[in-house]
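Student: After the sequence you'll find the predicted model.
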Amino acid sequence: MRLYVEVALPLPLNQAFSYTVPELWQERIKMGVRVLVPFGERILTGFVIEIRKKRLKKGLRLKEIKEVLDEKPVFSPFFLSFTRKLSNYYYSSWGELLQASLPPSYVIRSKTKIFLSEKGKEALWREKLPNKERLILNLLQKKAYTPFFLQKKYRIKNISSLLSQLSKKGLIHLRREMKKPVRRRLYLDPVPQRQLEIDFSLEKSLRTIVEQVSLKGEEKGFFNFLLFGPKNKRETVYFHLIKRVLVRKEKTLFLVPEISLSKCLIEKFENKLGKKVAILHSRMSERKRELEWQKIKDGEAAVVVGPRSALFSPIDNLGLIIVEEEHDDSYFQQEKPFYDARKGAWLRAREEKAILVYGSAMPTVGAFYRAKKGGYLLSLDKKEPKNNVLILEEKSKEGIVSLRFREKIRDRLKQGEQVLVFINRRGYAPLLICSKCNYIPKCINCDIALTYHKKEEKLICHYCNYYLPKMEVCPECGSKIIKMGGVGIEAVAEELKKSFPQNRIDSFTSDETETKKEQERIIRSFSRGKIDILVGTQLLAHQAALPSVSLIGILYPETMLALSDYRASQKTFQTIDLFMRPIRDDGQGEVIIQTALPYHFSIQAAASQDYISFFNHEIKLRRLMNYPPFSHVVGILFYGENLRTLARKSREFSAQVESIAKEVEILGPALAGVKRLRGVNRVQMILKAKKRKCLDEVLEETLKNVRLKKSICVFS
DNA sequence: AGCACGCCGACT
DNA sequence: GTCGGCGTGCTC
């Protein structure tokens, strides 16, 4: 009997490939195992997604599988199904998503190496050769190299045609080399779970919520909830839910934002759950992560904690998925394979009939809307002491920091108290501008104004790190009057130092505090009271060990409102909220927001800590403008070296979409916000539709016809 | 993605 | 004339 398999490959292709299974491997072939397959000239690791007794398509000469790499599947049927749906939703390749779910060493592929032939050696002595060829042959005398290496080394545009010519002449030969697949030990059958004791007293209101959620857990179906309330209460609920799930011998996946995987959180989990918890984070070594993966696969971890990539942990018998800090941007992976772990968690929970809990004190507008509408919003009563928040309108003649704000700082310093000042801009000034000819120094690779960094005496591109030395004279017109545009953190710190010469002022950014150690040092000395005013960016606000203070200043939080993104208000609201967190919660704390837009609703609502009124305002705008959650929006970014072909093809694409799409709103194509990045041109298009199905139909039809590099971003 | 093939412009 | 650019098509 012949067996055929469908194999998903880790390539940016939206299709599977069929192979035959030789007698030798028929015993071992199963859904979800890894296989080695020949693909063109290459050998790749693929994933078996279907086994059949008859071939799927006729008329193809099928190749044979070379090897089955696993005794037991690396992917369960649930997992396959969930990742397939995720890949459909984000228009990303299933195979690439599966690859991303495994430790890197599990997915090997052949590499092409170029060897110098005997004839090639002779040719080097005797014949006249074109420069490039001589260069390459010369290099190959020492050892074999990969085409990629040669391309980089000699900046050859089209290495493959050059190599095929050399190969035809017999001067080189190509060989595919392959690492030996690592023999993996058998996966253990899950060990029986010991019941864990987690001791917590639980207040009544929280108990009701825990009961409500757990009850659904007993039903073994998919249910989802949005836990809306302050962090400490959410955490209490989480740990109780986890406990209930453990009792049922089911497992928990706990997703957290990238940044919050601090020592402190890890310790919290380890104290409460002991060895039953597996923790994954991005700073882990590859080997360590592989060991954790193995531990989870073996069923030794009852709770898995990690950032968005932990969504793909090989957990079976999943009873609960928690997405903590649902609003956090880091759940969205902005490189391929593109996906949003929030939606992913939803798909996975539904597939495995698990309970899904989103948690946040200021959820994304979409999540809150859906929860309200769907009747699964769980509000934790919130009685936090209201802080004193003052919104000041910027007055440029008073300097960067207004007089009123400076008075407040002076008062606090007199009391021996500390002050935090946040501004979300690195450097000294976001741009320089010649006041005679209006020339603005820009990055040569990125079409972005260079940021002036005073300490380093450089103009730096924040996208690609290209820099120029500080300029005294305008390179365009030679005039010496170069003005600064905007305010960055260095300028704030400088002004504060002038205003408070007696006090110790420090700043905290990724520029000045390059190393983790240096960051810790600053936080420590601030905690010990050795710094009076600490100025920082978002990076500082994310520091878990940051002590609370009695006065916080937030400067110009409206910079994000300038973005042409429908989520700008939400981002502004969230950022202000983030900056306000380190305020002392004894009711004596005071926050000052200095802004050019004092009446903007997102700033007002953030100041009064009123999520509901923010939501009510924002949801009206979203409905009015037909933005998510009232529509579906897909952004397509085309990129390439050649602007002309980019423009031509993206227009062709748009015309095609237009011709077949009904009920789809098309914006663009237009140059992207950052129209050049690292030397690559970028063109952007936005598609908006009431129904997701409309977008899917159109894109399925048209996307395959564009030969442009692209990334597709599904907004929600 | 990576590789092969086939078609056109600017150079020895 | 041909070399080297890239646009196109295919991989089970």
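Tutor: Arrived safely. Just so you know, these numbers come straight off a predicted model, no measurement behind them.
Student: Specify the local secondary structure of the residue of the stretch 451-600 of chain A found nearest DNA strand B.
Tutor: Taking Cβ to the nearest atom of the strand as the measure, the point where the stretch 451-600 of chain A comes nearest DNA strand B is A:Cys464, at 20.2 Å. Where you see a C-beta, it was placed from the backbone N, CA and C, and this is true even at glycine. Local secondary structure at A:Cys464 is given as coil here, using DSSP: H, G, I helix; E, B strand; the rest coil.
Student: quick one: pLDDT of it?
Tutor: The score at A:Cys464 is 84. That number is its pLDDT.
Student: That one: neighbour count?
Tutor: Other residues near A:Cys464 come to 16 when the count uses other Cβ atoms under 10 Å.
Student: The one 5 residues further on too?
Tutor: For A:Pro469, the count of nearby residues is 9 (other Cβ under 10 Å).
Student: Hmm, A:Lys458 and it touching each other?
Tutor: Yes - A:Pro469 is within contact range of A:Lys458, at 6.2 Å (criterion: Cβ atoms under 8 Å).
Student: looking at this, A:Val401 is in a strand?
Tutor: No - with three-state DSSP as the criterion, A:Val401 is coil rather than part of a strand.
Student: residues from the stretch 51-200 of chain A in reach of DNA strand B?
Tutor: For the stretch 51-200 of chain A, the residues in contact with DNA strand B under the definition Cβ under 7 Å from any atom of the strand are A:Thr112, A:Pro147, A:Phe148, A:Ser160, A:Ser161, A:Leu163, A:Ser164, A:Leu174.
Student: Just the helices from the stretch 101-250 of chain A, written as ranges.
Tutor: In the stretch 101-250 of chain A, helices defined by DSSP state H, counting those that start in this stretch lie at A:118-126, A:131-140, A:147-154, A:159-168, A:204-218, A:231-247, listed in chain order.
Student: The stretch 551-700 of chain A too?
Tutor: For the stretch 551-700 of chain A, the helices defined by DSSP H, counting those that start in this stretch occupy A:568-580, A:601-607, A:611-625, A:643-660, A:692-702.
Student: where are the low-confidence patches of the stretch 201-350 of chain A?
Tutor: Counting by pLDDT under 70, the stretch 201-350 of chain A contains low-confidence residues at A:201.
Student: what sits against the most centrally placed residue in chain A?
Tutor: The centre of chain A sits closest to A:Gln333, judged by Cα atoms, centre = their mean, with a distance of 3.3 Å. Taking Cβ atoms under 8 Å, 6 or more residues apart in numbering as the definition of contact, the neighbours of A:Gln333 are A:Arg308, A:Ser309, A:Tyr339, A:Asp340, A:Ala341.
Student: Just the closest residue of the stretch 51-200 of chain A to DNA strand C, please.
Tutor: When distances are taken as Cβ to the nearest atom of the strand, the stretch 51-200 of chain A reaches nearest to DNA strand C at A:Lys63, 3.3 Å away.
Student: For A:Gly32, see how far away the residue nearest to the centre of chain A is.
Tutor: Look at A:Gln333 and A:Gly32: by Cβ to Cβ, to the nearest Å, they are 23 Å apart.
Student: Same check on A:Val535?
Tutor: Counting by Cβ to Cβ, the gap from A:Val535 to A:Gly32 is 52 Å.
Student: Kindly report the same for A:Lys72.
Tutor: From A:Lys72 over to A:Gly32 the distance is 9 Å, taken as Cβ to Cβ.
Student: between those two, who's got more neighbours?
Tutor: In terms of neighbours (other Cβ under 10 Å), A:Gly32 is the more surrounded of A:Lys72 and A:Gly32; the figures are 18 against 14.
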